[in-house]
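K.L.:
Could you look at this predicted model? Sequence included:
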Amino acid sequence: MPLWCSTSMTMLSFSCINKLAASSPLHCRSVISRRISAKMSTGSSSFQITHTVKLPTQPSESVTVVAAPGVSDSDFRNAIGSSLFEQWLKNIQSEKGLLSDGSLSLRQVLIQGVDMFGKRVGFLKFKADVIDKETGQKVPGIVFARGPAVAVLILLNSEGKTYTVLTEQVRVPVGRPVLELPAGMLDENVGDVVGTAIREVEEETGIQLHLDDMVDLTSFLDPSTGCKVMPSPGGCDEELSLLLYRGSVSADVIEQLQGKETGLREHGELIKVHVVPYDTLWRMTPDAKVLMSVAIYEMAKKEGLLPPTN
């Protein structure tokens, strides 16, 4: 499919365009009209890659998606075809989405950064120009998209005392190691929350959990929440499912877990297992996953919502 330069009508050829169209999710092709083009940047000989989206929620206004300087055309195509971007577009058009009542308008999206995890987009950074129609002003619209994830609160009873299993991981963004719940990102377009949780726990702690023993703590939230928790909705799209596992083990197992080094070294995971008393857990870490899990667990227990242990 040829692309036309809007200033000089010079025809450009992008061989990957048809491949992108063929690989786009069917549900998006049925509700979103798309057009990719390249424009000559003002005052320069370089081309700016753009992409046009028409959303059913604002049929009279098209949305222009633009590649920021330094974003290659392949990264741009990966970004706009990713499940992260598709899900964000679905979210803003949902029943309670930003565009649902017509007071806000999406004008432009600037793709600023794309991090690939193998062949899929792992992280996506973009800026959305969302306008308040009454005032004409932009609302904050910087987005770090990483998609859904899951974390597990593991409670082990041993000799009359309850312990929690945490992982200590190097966290470059905050500049130091952090004690956290075992957690992981969901695979693209799979959405297997419990399966991902079981796999991540085994990789990070060596503990093998069983499907029937898992309790979804976030399922106790009001349906209006989507039964997920959002650690930082002002800047990140991440939605977390928080699961609970309860079991009984010998003192030897607690001792074997303490200080155990785990993680997928080939993926850069440097993990050390910590076993801490549950009674002091809420004071021992800044990890939001821990604190949210404790809050929901305690309230669910108080209201008698937890199923009996096997």
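P.N.:
Everything's here; your move. Residues are numbered from 1 along each chain as shown.
K.L.:
May I have the residues that are in contact with the closest residue to residue 245 other than its chain neighbours?
P.N.:
Setting aside the residues directly before and after it, residue 245 is nearest to residue 154 in space (C-beta to C-beta, 6 or more residues apart in numbering), at 4.9 Å. All C-beta atoms are positioned from the backbone trio N, CA, C, and that covers glycine. Residue 154 makes contacts with 164, 165, 181, 182, 201, 205, 207, 209, 245, 247, as judged by C-beta atoms under 8 Å, 6 or more residues apart in numbering.
K.L.:
Go ahead and confirm the fifth one touches residue 183.
P.N.:
The one in question is residue 201. No - between residue 201 and residue 183 there is no contact under C-beta atoms under 8 Å: 9.1 Å.
K.L.:
Which neighbours do those two have in common?
P.N.:
By C-beta under 8 Å, 6+ apart, the residues touching both residue 201 and residue 183 are residue 152.
K.L.:
And residue 112, how far from residue 71?
P.N.:
7 Å (C-beta to C-beta, to the nearest Å).
K.L.:
same question, residue 51
P.N.:
12 Å.
K.L.:
circling back: give the partner strands of the strand or helix carrying the residue nearest to residue 245 in its sheet and their orientations.
P.N.:
Using DSSP states H and E, the element containing residue 154 is strand 149-158. Strand 149-158 pairs in its sheet with strand 161-171 (antiparallel), strand 183-185 (antiparallel), strand 240-248 (parallel), by DSSP bridges.
K.L.:
coming back round to it: widest-spaced pair of the contacts of residue 154?
P.N.:
Pairwise distances across the contacts of residue 154 (C-beta to C-beta) peak at 15.6 Å, for the pair 181 and 247.
K.L.:
List the buried residues in the strand holding residue 154.
P.N.:
149, 150, 151, 152, 153, 154, 155, 156, 158 (16 or more other C-beta atoms under 10 Å).
K.L.:
Quick one: residues contacting the last one.
P.N.:
Shown here is residue 158, whose contacts under the criterion C-beta under 8 Å, 6+ apart are 248, 249, 250, 251, 253, 254.
K.L.:
Leaving out sequence neighbours, find the closest residue to the third one.
P.N.:
Excluding the flanking residues, the one nearest residue 250 by C-beta to C-beta, 6+ apart is residue 158, at 6.6 Å.
K.L.:
Check the one you found and give its pLDDT.
P.N.:
Among the per-residue scores, residue 158 holds a pLDDT of 97.
K.L.:
With residue 47 instead?
P.N.:
For residue 47, the model assigns a pLDDT of 72.
K.L.:
returning to that earlier point: buried ones among the contacts of residue 158?
P.N.:
249, 253, 254.
K.L.:
Which secondary structure elements does the strand or helix carrying the second one sit against?
P.N.:
Residue 253 is part of helix 251-257, with elements assigned from DSSP H and E. Under the contact criterion of 3 or more C-beta pairs under 8 Å, 6 or more residues apart in numbering; DSSP states H and E, helix 251-257 touches strand 149-158, strand 271-277.
K.L.:
by how many degrees do the last one and strand 161-171 diverge?
P.N.:
What that stands for is strand 271-277. 150 degrees (axes from the mean of the first three to the mean of the last three C-alpha atoms, to 10 degrees).
K.L.:
repeat for the longest one
P.N.:
Between strand 149-158 and strand 161-171, the angle comes out at 140 degrees (the same axes, to 10 degrees).
K.L.:
got a markdown table for the helices and strands packed on helix 251-257, with distance to residue 239 too?
P.N.:
A markdown table is the format used below for the helices and strands packed on helix 251-257 (distance: least, C-beta to C-beta, whole Å):
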| stretch | distance to residue 239 |
| --- | --- |
| strand 149-158 | 8 |
| strand 271-277 | 23 |
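K.L.:
Tell me which of those strands sits nearest to residue 234.
P.N.:
strand 149-158 (17.5 Å).
K.L.:
Locate residue 290 within the secondary structure: which element?
P.N.:
With DSSP H and E as the test, residue 290 turns up in helix 288-302.
K.L.:
Need the CA coordinates for that helix. PDB is fine.
P.N.:
Backbone C-alpha positions of helix 288-302 (Å, rounded to 0.1, in the frame of the first residue of the first chain) are rendered in PDB as follows:
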ATOM      1  CA  ALA A 288       2.000  -1.500  47.100                       C
ATOM      2  CA  LYS A 289       1.200  -5.100  46.100                       C
ATOM      3  CA  VAL A 290       1.900  -6.300  49.700                       C
ATOM      4  CA  LEU A 291      -0.100  -3.500  51.300                       C
ATOM      5  CA  MET A 292      -3.100  -3.800  49.000                       C
ATOM      6  CA  SER A 293      -3.200  -7.600  49.500                       C
ATOM      7  CA  VAL A 294      -3.100  -7.300  53.300                       C
ATOM      8  CA  ALA A 295      -5.900  -4.700  53.300                       C
ATOM      9  CA  ILE A 296      -8.200  -6.800  51.100                       C
ATOM     10  CA  TYR A 297      -7.300 -10.000  52.900                       C
ATOM     11  CA  GLU A 298      -8.100  -8.600  56.300                       C
ATOM     12  CA  MET A 299     -11.400  -7.000  55.200                       C
ATOM     13  CA  ALA A 300     -12.500 -10.200  53.400                       C
ATOM     14  CA  LYS A 301     -11.600 -12.200  56.500                       C
ATOM     15  CA  LYS A 302     -13.500  -9.800  58.700                       C
END
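K.L.:
Right, I'll call it a day here.
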